[in-house]
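> Build me a model from this:
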Amino acid sequence: MSTDADSPLSKLRNIGIMAHIDAGKTTTTERILFYTGFLHKLGEVHDGNAFTDWMEQERERGITITSATVSCLWKDCRINIIDTPGHVDFTAEVERSLRVLDGAVGVFCAVGGVEPQSETVWHQADRYHVPRLAYVNKIDRIGADYERVIQMIHERLTSFAHPINIPIGKEDNFEGVIDLITMQAWYFDPLTCGSEVKHSQIPPAMQEKAAAMRESLLEAVSEFSDELMMLFLEGEEIPESLLRKAIRRGTISNRFVPVLCGSSLKNKGVQLLLDAVCDFLPSPLDIGATIGFAPGNHEPLDVAPDPNGPFVALAFKVQIDKYVGRLVYVRVYSGTLKKGGSFVNQNSGKRERVSRMLQMMSNRKNDLDNLHAGDIGAFVGSKFLVTGDTITDGNLEVLLSKMHFPDSVISVAIEPKTKADQENLGVALSRLEEEDPTFRVHVDKDSGQTLISGMGELHLEIIVDRLRREFGVAVNVGNPQVSYKETITSGVMSSEVFQRDMNGKGNFASVQLRLSPLSLKDLPEEEKNLFIHSVSEEQIPSIYWDAIKEAALNALNDGPLISGNVERVKIELVGGEYNPVDSNELAFRIATGMAVGKGLRDANPVIMEPIMLLTVLSPDEFVGDIISDVNAKRGKIEVMRRHNEYQQEIVADVPLSELFGYSTRIRSLSQGRAVYTLEFKKYEISPVSVQNAVLKRIRGFAE
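Next up, the predicted model:
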C-alpha cells in the first residue's frame, strides 16, 4: 500500500487473482509473496498453512472462503493483491473485489481448461470492464495442454487472448518457459524454490515454434501501435520496449489478453507473471476518472485519481475481527484521508471520525497514518458504514455505483441449543449479516422460526461453523429449504380510501393503482419492481409521491400466498384524492399499502422458484445416465459440448428444489468420476403441482 506521498500512482497495481475452485489461485498468490520477499517460507494449501487462507475453515477444507488482501513490491511497483474464492457459494467476495480492482489475473488449470466457475468470474470481470491477464497453471500435470486451454478461452471467454510465453516441454517434461517478447528461455532453479532464474537461448527444437508464435503475437498487437505495425510490415527488428507498450495499450483497452503459463506449485513461471502484472495491467492513472453521480439529480460526475483532490472512497467490505472489532475495507478513488480525520457517509449523511487506519496483510494488520488515491485499506470502529457506501470529506457530493449481489436461494431453520445461547445468537447473526451481503436472517411469521438464507449448502454450513467457533453459539439446524418468491400473472386496478380519526385528528387519503406483470427484460438493471405515476398535482400533491412509492414497494415484501417477496410487478399511480386539511403522509402510506395488498390478491398471484445453472463434467460413458437424471429433475439441457477427449460438459437449468443431496446422486451415477458446479441463474414461475405442495407445507406450519 502506498503510504509515501511521493510514490507515483503510476507504480501502483490493484489486482485480483480469480478462477475456478482448485485452479491454483492461492498457491500462485503464495509464490508471488515469496518471490517479492514478503514471505521467507512457502506455505501450501494442502498443508493448511497458506498465508492468505487464514480462517480455520479455509485451512481445514483447503478452499478460499473470504477474499484476503496483501501488498508486496516487485521491481519498482507496489502491488495490492486480493486473492478471491473460487467456490460459487462465495461469489459475493469476487463481485465486491472486482468492483474496486483495476486489473485481474484469471488462473486456469492446464488440464481442466475453462471450467464453469472460470466462466462466471470472467463474465463478472466483463461487467466491470476489468483488464485481465490469463495464467495457465499446472503445466506439469498429466494431461496438461496449453494450446487446448487457449482454444477454450477463445471459444468461451474472449477472442482477444494471445500467448506471450510458451512452455518448454509439458507434463513431467516441463522444464521452463520461453518469453516471446525477449525470445529467451527461462529456467527456474528447483534448489532455491525457483528464486534463481537462468536465461538462455531457445532450445533448437523449439525455435521454429517460438518464431511462429511471436509472429502471431506481433500481428495481434500491431493494431495498438502504428510504429510497430510499420516495422512489422517492413520485416524490421521490433524493440522490446515498443512491443511491451503495444501489449500494455491493448490490455488496458480490454482488447488484448496476454496469456502466460507456468506451474506455481513447482515454482516455475511466476516471475514472468509478476513482470506482466507490472508491465501490462493498469495503474489507477491508466484507469482514469471513476464515474459517480450527484445524489439529487443523478448527473454524472468524474472522480479523478488525484491524491490532492477531494477525498472520495467506496466501502466494499465489512469484516468482524475478534481483536479489533468492526473492520471496514475501503478503496480510495481520490484525495487523501489522514488518521484522526473525518468523513461523511454520502448514503446516510452521517459524519464519522477515523481513529485508526490499517493496511491489511491477510489477517495481519499494519497501522497507517493516511490513505491516498488508489490505496486499499481498512477503518477500525466505524459504526455506520456498510458495504457499498460512498464516503467523502464533505467537499464533493457524489455517489459511486454500488455492487450487484445475487439473491440468496436456500434457507435453513436455526435455533439456539440452550437459553444462554439465545441472546448471543441474535448478536452473532446480525454481525454475520453485516459482513456478508448474500446472507439473510428473517423470522417466518407463520412458524415463528428463525431462518437463515444463503447462496448454497456450503455457504450456510460455513456460517453455522463460524457461529460455533467465533461466537461460541451452539445451534440446532433444520433441513435446507428453497427460498421461494411470488409474482402476478394478470393486470388489475386497485383503489383504496383511508379515512379515520386518530388522536382527535382526521386522516384522509385515496389512491388508485394499476398493477401489471413485468418480464425480466422489461425491468431496469438490478431492479426487482417498477413504480411510476401519472397523476397531477391537483389529484395528489407531489410532496406525497415519494411516500406512496416507498409504501407501494414495501408492500411487495409480503406476498399474498406465502408472505414471500413479490417481484416483476409494475405499479402505476393513476389517480387519487386528497383533503388539504386531513391528508398527510401516514394516511397515504396506509392507503397505498392496503391498495397494493388487495391488488396482489386479485392479480392471480403465483409462486416462483429459483433455477440453478448446473454444469457437469462427466466421462463419456456416464453422460446418458446423467442426462436422464437431469430430465427427471425437471431440468432443461442448454448446452452439451466436448470438454476434452475423455469428458463431456453438460449445462442445464434445473430447479433448486430438485437438487438437494445432488453430490451423492452424481457420485452414484458416475462411480465418483463426474464433477459438478451449481450457480443461481434466475427465478421462474413453478408448475402448479409444485405450488400446491409449497402452499400445503406452509399452511401445515401455520396450523
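
> Which strand or helix spans the closest residue in space to Val511 that isn't next to it in sequence?
Spatially, and ignoring its direct neighbours in sequence, Val511 is nearest to Gly576 (4.4 Å; Cβ to Cβ, 6 or more residues apart in numbering). Any C-beta I mention is one placed from the backbone N, CA and C, and that applies to glycine too. Assigned by DSSP states H and E, Gly576 belongs to strand 569-577.

> if we can go back for a sec, gap between the residue nearest to Val511 and Glu538?
11 Å (Cβ to Cβ, to the nearest Å).

> Glu585 too?
Counting by Cβ to Cβ, the gap from Glu585 to Glu538 is 19 Å.

> ditto for Met608
To Glu538, Met608 is 39 Å away according to Cβ to Cβ.

> more neighbours, these two?
Between Met608 and Glu538, Met608 has the larger neighbour count (other Cβ atoms under 10 Å), namely 21 against 8.

> doesn't Val690 make contact with that one?
No: shown here, Met608 and Val690 do not form a contact pair, counting by Cβ atoms under 8 Å, at 10.3 Å.

> what pLDDT does Gly599 get?
pLDDT, Gly599: 95.

> May I have the secondary structure class of it?
helix (DSSP: H, G, I helix; E, B strand; the rest coil).

> Go ahead and confirm it touches Gln512.
No: judged on Cβ under 8 Å, Gly599 makes no contact with Gln512 at a distance of 10.4 Å.

> Of these two, which one has the most company?
More crowded of Gly599 and Gln512, by other Cβ under 10 Å: Gly599, with 25 against 20.

> need the contact list for the residue nearest to that one when sequence neighbours are not counted.
The shortest distance from Gly599 to any non-neighbouring residue, by Cβ to Cβ, 6+ apart, is to Ser494 (3.2 Å). Shown in contact with Ser494 (Cβ atoms under 8 Å, 6 or more residues apart in numbering): 512-515, 595-596, 598-599, 602.

> So what sits opposite Ser494 in the bridge?
Using DSSP bridges, the bridge partners assigned to Ser494 are Leu513.

> Could you shift the numbering so residue one becomes 52, and keep it that way?
Will do, 52 is the new start, and the previous item becomes Ser545.

> need the strands for the stretch 302-451 of the chain, in chain order.
Counting by DSSP state E, counting those that start in this stretch, the stretch 302-451 of the chain has strands at residues 308-312, 341-344, 351-354, 363-372, 376-385, 387-389, 393-396, 402-404, 408-412, 415-419, 421-423, 427-431, 441-443, 450-451.

> for the ones you listed, which one sits closest to Trp125?
Relative to Trp125, the nearest member of the strands of the stretch 302-451 of the chain by Cβ to Cβ is strand 308-312, separated by 14.7 Å.

> now that closest one: mean pLDDT?
In this model, strand 308-312 has a mean pLDDT of 94.

> The strands of the stretch 302-451 of the chain into JSON lines, with extra columns for distance to Glu689 and mean neighbour count?
Converted to JSON lines, the strands of the stretch 302-451 of the chain look like this (distance: least, Cβ to Cβ, whole Å; neighbours: other Cβ atoms under 10 Å):
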{"stretch": "strand 308-312", "distance to Glu689": "26", "mean neighbour count": "25"}
{"stretch": "strand 341-344", "distance to Glu689": "35", "mean neighbour count": "18"}
{"stretch": "strand 351-354", "distance to Glu689": "37", "mean neighbour count": "16"}
{"stretch": "strand 363-372", "distance to Glu689": "33", "mean neighbour count": "23"}
{"stretch": "strand 376-385", "distance to Glu689": "36", "mean neighbour count": "23"}
{"stretch": "strand 387-389", "distance to Glu689": "48", "mean neighbour count": "19"}
{"stretch": "strand 393-396", "distance to Glu689": "43", "mean neighbour count": "19"}
{"stretch": "strand 402-404", "distance to Glu689": "48", "mean neighbour count": "14"}
{"stretch": "strand 408-412", "distance to Glu689": "40", "mean neighbour count": "21"}
{"stretch": "strand 415-419", "distance to Glu689": "44", "mean neighbour count": "14"}
{"stretch": "strand 421-423", "distance to Glu689": "45", "mean neighbour count": "25"}
{"stretch": "strand 427-431", "distance to Glu689": "38", "mean neighbour count": "24"}
{"stretch": "strand 441-443", "distance to Glu689": "38", "mean neighbour count": "25"}
{"stretch": "strand 450-451", "distance to Glu689": "35", "mean neighbour count": "23"}
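
> want to try TSV for these, with distance to Ala212 as columns?
What follows is the strands of the stretch 302-451 of the chain, written out as TSV (distance: least, Cβ to Cβ, whole Å):
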stretch	distance to Ala212
strand 308-312	4
strand 341-344	27
strand 351-354	31
strand 363-372	28
strand 376-385	27
strand 387-389	38
strand 393-396	41
strand 402-404	44
strand 408-412	32
strand 415-419	35
strand 421-423	34
strand 427-431	27
strand 441-443	34
strand 450-451	30
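
> Flag the shaky bits of this structure, pLDDT-wise.
Residues of the chain that meet the criterion pLDDT under 70 lie in 52-58, 90-119, 136-142, 348, 413-414, 496-498, 750-754.

> From Ser267, how far off is the most centrally placed residue in the chain?
Centroid-nearest residue in the chain: Glu146, 1.7 Å away (criterion: Cα atoms, centre = their mean). Applying Cβ to Cβ, the value for Glu146 to Ser267 is 34 Å.

> now do Phe522
As judged by Cβ to Cβ, Phe522 and Ser267 stand 56 Å apart.

> same thing with Phe85?
From Phe85 across to Ser267, the span is 33 Å (Cβ to Cβ).

> Same drill for those two, tell me which one is more crowded.
Comparing Phe85 with Ser267 by other Cβ under 10 Å, the one with more neighbours is Phe85, at 21 against 12.

> and the more buried one, what are its phi and psi?
The phi/psi pair for Phe85 (degrees, to the nearest 10) reads phi -70, psi -50.

> looking at it, it is touching Ser315, isn't it?
No: contact criterion Cβ under 8 Å: Phe85 and Ser315 do not qualify, at 10.2 Å.

> Please name the residues that touch the closest residue to Gly360 other than its chain neighbours.
Excluding the flanking residues, the one nearest Gly360 by Cβ to Cβ, 6+ apart is Ser385, at 4.4 Å. Residues in contact with Ser385, defined by Cβ under 8 Å, 6+ apart, are 341, 354-357, 360-363, 424.

> Can you lay out those residues as a markdown table showing distance to Leu571?
Output for those, formatted as a markdown table (distance: Cβ to Cβ, whole Å):
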| residue | distance to Leu571 |
| --- | --- |
| Thr341 | 29 |
| Val354 | 32 |
| Ala355 | 36 |
| Pro356 | 36 |
| Asp357 | 40 |
| Gly360 | 39 |
| Pro361 | 38 |
| Phe362 | 38 |
| Val363 | 33 |
| Ala424 | 38 |
